[in-house]
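1. just to be clear, the model below is a prediction. Sequence and coordinates:
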Amino acid sequence: MTLKNVIFLILFLITFSCSDKNESADDSSYSVWTQVGNGLSADVTKNVLTEFVGSTNCPVCPASDSLLLSYFNDGHENYVGAEITQNWFLLNYHTYSPSRGDPMYEFLRGESEEDDYCYVRFGDGYGTGAWYNVGGVPTVYTNGLNSFINPGMAITPMAESTPIQMSLSGTEFDGANISVKLSIKTSTDLSANDSLCLFIAAKIDDVDYEGYNNEKHHQDVFLGWINEGFNGELLTLGHEEVVKNYAFEMASNWPQNDYETSWSEVEYDLANLAVVAFIQNKYTREILQVVGTD
């Protein structure tokens with residue numbers, strides 16, 4: 001074999017090996033969207049997401065939280081009806097405002113601002129939040145817009161249409177483990193749109209913990225993002241139906257941390273785990289669609 005052929009063979013083997021290695025890394029590190037069907041023939045009605053931002057150190061949060069939850073309670077005079085509540089989803093984020101010490105925030109607190117989900121999403125009221133700017137709690141957003149708590153707060157978004165339909169059918173719960181199956185259909189080609197960000201959140205209901213503000217029971221408690229990144233997963237959607245799988249495991253020591261010593265007083269049941277997924281426009285903050293598990 002000539003020297004020229006030897007050099008060519010070596011270069012070929014190096015190139016081939018690097019290509020295999022990169023492809024293997026991509027396959028193991030990232031799951032991809034799989035097209036499984038056609039898109040929608042027409043736009044659909046929007047569902048609604050209300051994001052409640054509060055803390056167990058906030059003395060006025062319990063009353064606001066209780067009022068919001070009363071719209072979902074079929075035994076309460078404020079109940080708005082199943083036709084609305086079955087398409088209305090809640091996330092309750094616990095924060096560092098007005099002071100630290102809420103164990104449901106402390107467990108998720110990052111060592112730096114960039115690593116803190118709450119700081120990234122809500123900021124400190126001085127224009128620092130990537131998505132919102134919360135100056136104090138309680139603060140409420142409905143489909144991306146600041147809103148006051150009232151029985152009709154979900155009606156306006158539900159009167160709007162959207163080109164996106166989402167489903168969590170096939171999502172399974174096994175103790176602390178969640179296997180998420182998310183499918184998305186669109187009524188038009190959105191592949192040129194660079195603004196659509198997907199968020200998938202794990203949450204839990206019926207958490208028992210009495211903090212500074214004496215609120216004893218907590219619903220829709222945010223546990224973390226299931227898909228990676230505090231700023232969502234950028235989507236490229238054609239006129240099609242696509243599906244993707246994700247996995248989440250709730251930490252066995254939740255919400256243990258080094259700051260809040262009463263973490264062992266927090267009680268919950270893994271049977272109350274749930275998932276909420278939503279797509280938000282990163283420029284306008286509009287939430288185009290949301291879906292959740294029962």
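-> Perfect, thanks for sending it. Numbering: from 1, shown residues only.
2. please, where are all the strands along the stretch 151-294 of the chain?
-> Along the stretch 151-294 of the chain, the segments classed as strands by DSSP state E, counting those that start in this stretch run 161-162, 164-167, 172-174, 177-186, 196-204, 207-208, 217-218, 221-225, 233-234, 240-249, 273-281, 287-292.
3. out of the ones you listed, which one sits most buried?
-> Scoring these by mean neighbour count under mean count of other C-beta atoms under 10 Å gives strand 287-292 as the most buried, with a mean of 24. Yep, even glycine has a C-beta here, placed from its N, CA and C like the rest.
4. pLDDT of that strand, averaged?
-> Strand 287-292 shows a mean pLDDT of 98 in the predicted model.
5. contacting residues for the spatially most central residue of the chain?
-> Geometric centre of the chain, nearest residue: A201, 3.0 Å, by C-alpha atoms, centre = their mean. Each residue near A201 by C-beta atoms under 8 Å, 6 or more residues apart in numbering is listed here: 91, 222-226, 275-277.
6. F248 contacts V180, doesn't it?
-> Yes. Using C-beta atoms under 8 Å, F248 makes contact with V180 at a distance of 6.7 Å.
7. shaky segments in the protein?
-> Under the criterion pLDDT under 70, the flagged ranges of the chain are 1-31.
8. residue ranges for the helices of it, please.
-> Secondary structure of the chain (DSSP state H): helices located at 3-29, 61-70, 82-85, 103-106, 117-122, 155-158.
9. how much space separates the residue lying closest to Q280 once chain neighbours are set aside from K185?
-> Using C-beta to C-beta, 6 or more residues apart in numbering and skipping the chain neighbours, the partner closest in space to Q280 is I287 (4.9 Å). With distances taken as C-beta to C-beta, to the nearest Å, I287 is found 17 Å from K185.
10. try G238
-> Applying C-beta to C-beta to G238 and K185 gives a distance of 11 Å.
11. between these two, what contacts are shared?
-> Residues touching both G238 and K185 comprise G39, with contact defined as C-beta under 8 Å, 6+ apart.
12. if we can go back for a sec, overlap in contacts of F248 and V180?
-> In terms of C-beta under 8 Å, 6+ apart, F248 and V180 are both contacted by the residues 226, 275.
13. identify the residues contacting the residue nearest to F107 when sequence neighbours are not counted.
-> Distances taken as C-beta to C-beta, 6+ apart place P255 nearest to F107, at 3.7 Å, with adjacent residues excluded. Applying C-beta under 8 Å, 6+ apart to P255 gives the contacts 103-104, 106-107, 263, 266.
14. just flag the most distant two among those residues.
-> The most widely separated members of the contacts of P255 are E106 and V266, with 10.9 Å between them, by C-beta to C-beta.
15. ok, back up a step: out of the strands of the stretch 151-294 of the chain, which is closest to N73?
-> Evaluated over those, closeness to N73 peaks at strand 217-218, with 12.4 Å, by C-beta to C-beta.
16. for the residue nearest to F107, give me phi and psi.
-> The phi/psi pair for P255 (degrees, to the nearest 10) reads phi -100, psi 50.
17. what about it, distance to D115?
-> Noted for P255: a distance of 17 Å to D115, by C-beta to C-beta.
18. what of G135?
-> For G135 relative to D115 (C-beta to C-beta), the value is 22 Å.
19. ok, now T171?
-> Using C-beta to C-beta, T171 is found at 28 Å from D115.
20. between those two, which one's more packed in?
-> Higher neighbour count among T171 and D115: T171, with 20 against 12, using other C-beta atoms under 10 Å.
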